[in-house]
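> need coordinates for the following:
(one chain, ligands or ions: 4)
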Amino acid sequence: MTAGRTHKTDKTHKTHCPYCALQCGMEIGTGREIRITPRTDVPANASGALCQKGWTAAELLTNGSRLTTPLLHGEPVAWEAALDHVAARLSEIRAEHGPDAVAVFGGGGLTNEKAYTLGKFARVALGTSQIDYNGRFCMSSAAAASIRAFGMDRGLPFPVTDLAGADVVLLAGANVAETMPPFVRHLEGPRAIVVDPRRTPTARRAWLHLQPAPGTDLALALGLLHLVVAEGLVDEAYVAGRTSGFEEVRTSLASWWPERVERITGVPVYRMRQAVRALAAAGRAYVLTGRGVEQHAKGTDTVTAFVNLALALGLPGRHGSGYGCLTGQGNGQGGREHGQKADQLPGYRRIDDPAARAHVAGVWGVAPESLPGPGRSAYELLDALGTPGGPRALLVFGSNPLVSAPASERVAGRLAGLDLLVVCDVVLSETAARADVVFPVTQWAEETGTMTNLEGRVLLRRRAVEPPDGVRSDLEVIAELAARLGHRFPSRPREVFDELRRASAGGAADYSGITYERVEAGPGVFWPCPEPGHPGTPRPFLDRFATPDGRARFVPVGHRPPAEEPDEDYPLHLTTGRVLAHYQSGAQTRRIAPLVRAAPEPFVELHPDLAERLGIRPGDVVRVSSRRGEDRAPARISDAVRRDTVFMPFHWEGVNRLTNPALDPMSRMPEFKVCAVRVERDS
Ligand SMILES: Nc1nc2c(c(=O)[nH]1)N[C@H]1C(S)=C(S)[C@@H](COP(=O)(O)OP(=O)(O)OC[C@H]3O[C@@H](n4cnc5c(=O)[nH]c(N)nc54)[C@H](O)[C@@H]3O)O[C@H]1N2
Ligand SMILES: Nc1nc2c(c(=O)[nH]1)N[C@H]1C(S)=C(S)[C@@H](COP(=O)(O)OP(=O)(O)OC[C@H]3O[C@@H](n4cnc5c(=O)[nH]c(N)nc54)[C@H](O)[C@@H]3O)O[C@H]1N2
Ligand code: SF4
Ligand SMILES: [Mo]
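Ligands and ions are numbered 1, 2, ... in the order given. Sure, this is the predicted structure:
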């Protein structure tokens with residue numbers, strides 16, 4: 001929190017956190033040093049809480065590892081030379097191999113203005129269909145399931161403060177005590193039921209902890225719903241009045257009797273019963289999912305099974321009850337609405353919808369036929385790089401896929417096969433270190449832009465400090481490249497937002513009534529907000545769902561095992577996730593001293609019985625191998641994890657060498673949360 005740069009005047013600026021989707025409100029005081037204090041006028045953290053990452057975020061602005069000059073093959077180079085070089089190479093590669101030879105990879109941390117501009121840049125200036133982003137690795141399974149059930153994906157279709165009034169909240173695969181600590185304040189009233197293979201800090205506080213084997217949540221949800229039906233706990237009036245398709249689901253449940261589910265999941269029947277009875281007895285209840293149940297090759301169906309459970313209990317679309325997905329990245333919600341996704345146009349429109357194409361092409365001043373069709377999903381895109389018929393150039397904005405993509409050694413090989421890799425970042429991430437050209441950009445408090453938090457509330461993140469000399473904003477970089485390719489793109493955030501409003505008009509995520517003035521003035525505006533006088537929509541499903549007939553759809557789904565199951569060679573489950581002190585690939589937080597002190601290194605968490613069997617003592621370096629690669633880290637021995645499972649955080653390069661890129665057929669989400677591994681003491 002000490003400042004490297006000093007500021008002449010003492011001022012405070014209201015803004016929001018650089019990291020996760022809770023987008024806690026904070027005030028940045030600039031004077032001799034930069035200070036961060038929590039705001040109490042932002043509902044997400046009105047309690048005045050921030051997590052350790054939020055408290056220490058000022059170091060992002062002041063620490064010495066900041067990039068301040070473009071790099072060409074690792075050497076500092078002037079901006080004009082770097083931009084000219086990239087534009088010339090892109091033109092050559094396009095001329096030789098066609099427009100799809102250039103690919104773009106975006107991020108859910110980018111502001112709405114950036115995500116929108118990146119999608120437009122790909123389709124209009126580059127003419128490529130090859131764009132996707134890291135949100136594919138994040139909440140895409142929940143998004144696909146929500147669209148299937150409700151006709152729309154707004155992570156939480158209710159304000160986060162509604163949770164406090166519930167009697168029971170089921171958290172399936174979410175460790176909010178570490179991933180969104182201030183969120184836990186909203187759960188102080190309700191009884192929490194936590195589903196997690198580990199007894200996490202969240203599970204420890206819970207009223208009930210169900211501890212299934214990784215990758216078996218779909219069976220668990222079917223078992224819970226089976227019990228709801230068997231015990232006569234279905235909200236029949238709600239099902240009749242607000243849903244369709246229940247009979248088919250009811251029939252499909254017959255074979256998921258609780259004892260069978262206990263054998264698959266390891267969760268005792270009496271605990272399932274406890275959970276179901278508590279949920280059914282509650283006047284108000286919520287079912288929430290996180291990455292633990294979503295990051296699987298069957299993530300969409302697993303979320304669907306939890307949505308079916310919520311529907312049978314009559315929760316979604318009722319004031320004080322509901323289903324929600326806990327979006328992860330700072331702008332994970334807005335970032336999935338405005339066109340950086342392979343199959344999408346702004347306003348959460350489909351790129352294969354002729355009416356959507358006509359509308360957006362009109363705003364962009366191009367012919368609808370000139371817009372490319374859908375491209376490859378994130379992992380498929382990374383895996384195609386440099387292969388025959390695949391992209392030959394990649395531009396990365398706001399992601400560090402060398403660390404965060406599954407089967408990362410394979411991805412590293414693909415990146416190495418490119419003719420051109422360009423990375424825009426604030427620091428020299430592992431991916432940037434391999435790039436031909438790196439553009440240093442402004443971040444968070446150095447620029448203005450809107451973010452849409454996990455509630456679907458559009459917020460303004462204001463510029464609070466001067467950026468260091470030598471950096472430009474992502475919007476400026478894109479506009480400069482577009483100009484060299486013959487297109488004029490706006491680069492001022494407000495101007496971009498006004499264009500986004502028009503492009504989103506009439507779409508599911510309609511921002512047309514949201515203005516900078518409105519989000520500057522208050523606690524943000526919930527989309528959809530189709531007109532300037534419209535109040536915004538905190539709870540979009542109260543009267544009807546966004547399906548053609550207004551009813552929520554039950555969809556029958558069946559359990560299947562993980563893509564890779566333990567066997568003789570690889571006898572254990574590996575699951576992966578997060579710790580409190582680090583964020584994502586760690587590119588930002590591994591450079592912040594107090595966070596490094598709090599969590600200095602990766603680890604392998606394993607049960608004492610397993611450790612004893614393998615002759616592993618606390619702190620021993622352990623080798624973990626899968627069919628795709630191996631990694632080493634010190635052992636952390638804890639009975640919080642199942643005997644058949646080891647856990648590793650993914651904030652350091654290495655763990656994703658092990659993970660399985662098996663993809664969900666609908667969401668194209670990789671199976672980050674379960675693969676088969678062998679664990680040995682590294683002698
Ligand atoms: N500290 C911190 N906070 C963050 C982030 C961060 O990197 N660090 N990232 C942000 C982002 S982008 C996201 S997406 C969110 C993610 O937030 P969460 O979803 O809460 O985070 P994870 O740790 O990935 O996974 C949650 C839990 O899933 C459990 N799990 C693993 N496998 C399974 C399984 O098969 N079934 C079930 N039921 N559970 C399983 C893990 O043990 C873990 O405790 O966090 C956001 N907040
Ligand atoms: N094994 C395993 N792997 C996982 C997961 C898991 O649970 N297990 N979770 C997945 C999930 S949910 C996610 S969201 C991904 C995230 O993984 P990544 O996509 O790698 O996310 P970050 O580490 O946040 O990378 C963001 C990068 O953008 C930079 N940056 C920050 N602000 C800006 C900006 O304004 N502009 C630009 N151009 N750059 C900026 C940061 O310095 C950083 O290098 O990881 C996925 N990978
Ligand atoms: S919970 Fe999320 S938004 Fe709040 S301070 Fe921590 S990282 Fe920032
Ligand atoms: Mo995420």
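> secondary structure element for Pro600?
When elements are defined using DSSP states H and E, Pro600 is found to belong to no helix and no strand.
> what pLDDT does it get?
As summarised for this prediction, Pro600 has a pLDDT of 98.
> how near is it to Ala581?
From Pro600 over to Ala581 the distance is 9 Å, taken as CB to CB, to the nearest Å. To be clear about C-beta, it is placed using only N, CA and C from the backbone, and glycine gets the same treatment.
> the two: which is more packed in?
Neighbours were counted for Pro600 and for Ala581 using other CB atoms under 10 Å; Ala581 has more, 23 against 10.
> so that one sits right up against Gly54, yeah?
No: with contact defined as CB atoms under 8 Å, Ala581 does not count as touching Gly54 (11.6 Å).
> burial of the single nearest residue of the stretch 501-650 of the chain relative to ligand 4, as a residue count?
When CB to the ion is the measure, the stretch 501-650 of the chain has its nearest residue to ligand 4 at Gln584, with 7.0 Å between them. Other residues lying near Gln584 total 24 when counted by other CB under 10 Å.
> leaving out the residues flanking it, which one is nearest to it?
In this structure, Gln584 finds its nearest non-sequential neighbour in Ser404, 6.3 Å apart by CB to CB, 6 or more residues apart in numbering.
> pLDDT at the one you found, what is it?
98.
> what count of nearby residues applies to it?
Here the neighbour count serves as a burial measure; for Ser404 (other CB under 10 Å) it reads 26.
> separation between it and Val293?
With distances defined as CB to CB, the gap from Ser404 to Val293 amounts to 19 Å.
> check contacts around the residue nearest to Gln584.
Ser404 makes contact with 134, 137, 584-585, 650, 656 under the criterion CB atoms under 8 Å, 6 or more residues apart in numbering.
> nearest to Leu71, of those?
Top of the list for closeness to Leu71, among the contacts of Ser404 and by CB to CB, is Ser585 at 19.1 Å.
> was I right about that closest one contacting Val427?
No: using CB under 8 Å, Ser585 is not in contact with Val427, being 10.8 Å away.
> ok, the residue nearest to Ala237 when sequence neighbours are not counted to ligand 2 distance?
When the adjacent residues along the chain are set aside, Ala237 lies closest to Gly314, with 7.6 Å between them (CB to CB, 6+ apart). Using CB to the nearest ligand atom, to the nearest Å, one gets 30 Å for the distance from Gly314 to ligand 2.
> burial of the nearest residue to Glu294 once chain neighbours are set aside, as a residue count?
For Glu294, the nearest residue in space outside its immediate sequence neighbours is Ser141; the separation is 4.1 Å by CB to CB, 6+ apart. Taking other CB under 10 Å as the criterion, the count of residues near Ser141 is 29.
> separation between Ser141 and Arg668?
When distance is defined by CB to CB, Ser141 is 9 Å away from Arg668.
> now do the helices in the stretch 501-650 of the chain.
In order along the chain, the stretch 501-650 of the chain carries the following helices (DSSP state H, counting those that start in this stretch): 516-521, 593-598, 608-614.
> quick one: the second one to chain centroid distance?
For helix 593-598, the distance from its own C-alpha centre to the chain's C-alpha centre is 24 Å (CA atoms, centre = their mean, to the nearest Å).
> buried sites along it?
Residues 595, 598 are the ones in helix 593-598 that count as buried (16 or more other CB atoms under 10 Å).
> residues touching the residue in the chain that ligand 3 sits nearest to, list them.
With CB to the nearest ligand atom, the shortest gap between the chain and ligand 3 falls at Gly54, namely 2.4 Å. With contact set as CB under 8 Å, 6+ apart, Gly54 has these partners: 17, 19, 24, 26, 36, 38.
> per-residue confidence at it?
Reading off the per-residue confidence, Gly54 sits at a pLDDT of 98.
> wait, a strand at Ala192?
Yes: counting by DSSP: H, G, I helix; E, B strand; the rest coil, Ala192 falls inside a strand.
> separation between the closest residue in space to it that isn't next to it in sequence and ligand 1?
Leaving aside its chain neighbours, Ala192 sits nearest to Ala206 (4.3 Å; criterion: CB to CB, 6+ apart). Spatial separation of Ala206 from ligand 1 under the definition CB to the nearest ligand atom is 12 Å.
> now swap in Arg642 and tell me
Counting by CB to the nearest ligand atom, the gap from Arg642 to ligand 1 is 10 Å.
> near ligand 3, which residues of the stretch 1-150 of the chain?
Residues of the stretch 1-150 of the chain found near ligand 3 (CB under 6 Å from any ligand atom) are 17, 19-20, 22-24, 50-51, 53-54.
> within range of ligand 3, give me the residues from the protein.
17, 19-20, 22-24, 50-51, 53-54, 180-182.
> on that earlier part again, quick one: the residue of the stretch 501-650 of the chain closest to ligand 4 and Asn400 touch, right?
Yes: in terms of CB under 8 Å, Gln584 counts as a neighbour of Asn400; the distance is 7.4 Å.
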